[in-house]
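> sequence plus predicted model, see below.
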Amino acid sequence: MHTNIPAREALARLREGNRRFASNVRSVDTLLSQTRRAELVSRQRPFATILGCSDSRAPAELLFDAGLGELFVIRVAGNVVAPSQVGSVEFAVTRFGTNLVVVMGHTHCGAIDATIEAVTRGGVVESLGLRDIVDRVRPAVVSVAQQGEADDLDALARRAERANVRIAVDHLRHGSAILERYREQGLVVVGAEYDLETGLVDFFEGADGLG
């Protein structure tokens, strides 16, 4: 059974932390968390799990004004969900009892742009590793392009970023028997997008029922 804080409370803490970040404010607790390193040597109890992009402009701990030991963060280009990411989320949920999992994309995502180029311009992805990421993002780009956005690349990118998050959220909700079982016990998986210009994170997929 989960022993950590409820998903609703965890989401509220993330929103409060993001508001501080966007306002260029940091909490005293966050600033002092590094002085508590010794307390975290033998244990950790993160209150949320974040699956985000590896982009250097989108570090979850900073965006949510979180300190050491507060977030279990998984980062991969394009915030895609592959077996290792599923396993990492399962680890956080079963080992640390996080009741909230957030898949967080962001605006101006390079992985989205690379996939758009491959889909709309026939770009060749020579790297096998990068091709794996592009292939996982491709369904989001294709689905949006088929809705008539292909001529406006900026609009295509913005909608594909969110579609990509929704696909990842659905994968985590339904692609793991372990996570499905924990969802019956209070685990919630939501999607979000970080706006590089404003500094704000918009929780838009599955977060409405959490306040």
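In hand now; what should we look at? Model, not experiment: these values are computed from the prediction.
> could you tell me the phi and psi values at the nearest residue to L130 once chain neighbours are set aside?
Spatial nearest neighbour of L130, chain neighbours left out: A114 (7.2 Å); criterion: CB to CB, 6 or more residues apart in numbering. C-beta here means a position set from N, CA and C on the backbone, and glycine is covered the same way. Backbone dihedrals for A114, given as degrees, to the nearest 10, come out at phi -60, psi -40.
> is it true that A114 touches S127?
No - A114 is not in contact with S127 according to CB atoms under 8 Å; the separation is 10.2 Å.
> which ones are touching I50?
A60, F64, L71, F72, V73, I74, V101, V102, M104 (CB atoms under 8 Å, 6 or more residues apart in numbering).
> that one: which element?
Taking DSSP states H and E as the criterion, I50 maps to strand 48-52.
> more neighbours: which of A114 and S127?
The neighbour comparison of A114 against S127 (other CB atoms under 10 Å) goes to A114, with 20 against 9.
> now do the more buried one against G78, distance only.
Using CB to CB, to the nearest Å, A114 is found at 8 Å from G78.
> overlap in contacts, those two.
I133.
> tell me the mean pLDDT for the strand or helix carrying R181?
Secondary structure assignment for R181, by DSSP H and E: helix 177-183. The average pLDDT within helix 177-183 is 96.
> picking that back up, CA atoms only: put the helix or strand following the strand holding I50 into PDB for me.
Counting by DSSP H and E, the next helix or strand C-terminal to strand 48-52 is helix 60-63. Extracted C-alpha coordinates of helix 60-63, given in PDB (Å, rounded to 0.1, in the frame of the first residue of the first chain):
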ATOM      1  CA  ALA A  60      12.100  19.400 -12.900                       C
ATOM      2  CA  GLU A  61      13.700  20.200  -9.600                       C
ATOM      3  CA  LEU A  62      14.200  23.800 -10.500                       C
ATOM      4  CA  LEU A  63      10.800  24.200 -12.300                       C
END
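> next helix or strand past helix 60-63?
Sequence order places strand 71-75 as the next helix or strand after helix 60-63, per DSSP H and E.
> what are the pairing partners of that following strand, and which direction each?
If you go by DSSP bridges, strand 71-75 pairs up with strand 48-52 (parallel).
> quick check: buried residues in the partner strand?
Residues A48, T49, I50, L51, G52 are the ones in strand 48-52 that count as buried (16 or more other CB atoms under 10 Å).
> same question, stretch 22-37
Going by neighbour count (16+ other CB under 10 Å), the buried part of stretch 22-37 is T30, S33.
> got it, and stretch 5-17?
Quick answer for stretch 5-17 (16+ other CB under 10 Å): I5, A7, E9, A10, L11, R13, L14, R15, G17.
> for those residues, work out which two are farthest apart.
A7 and G17 (15.6 Å; CB to CB).
> how far off centre is the strand holding I50?
From the chain centre to the centre of strand 48-52 is a distance of 5 Å (CA atoms, centre = their mean, to the nearest Å).
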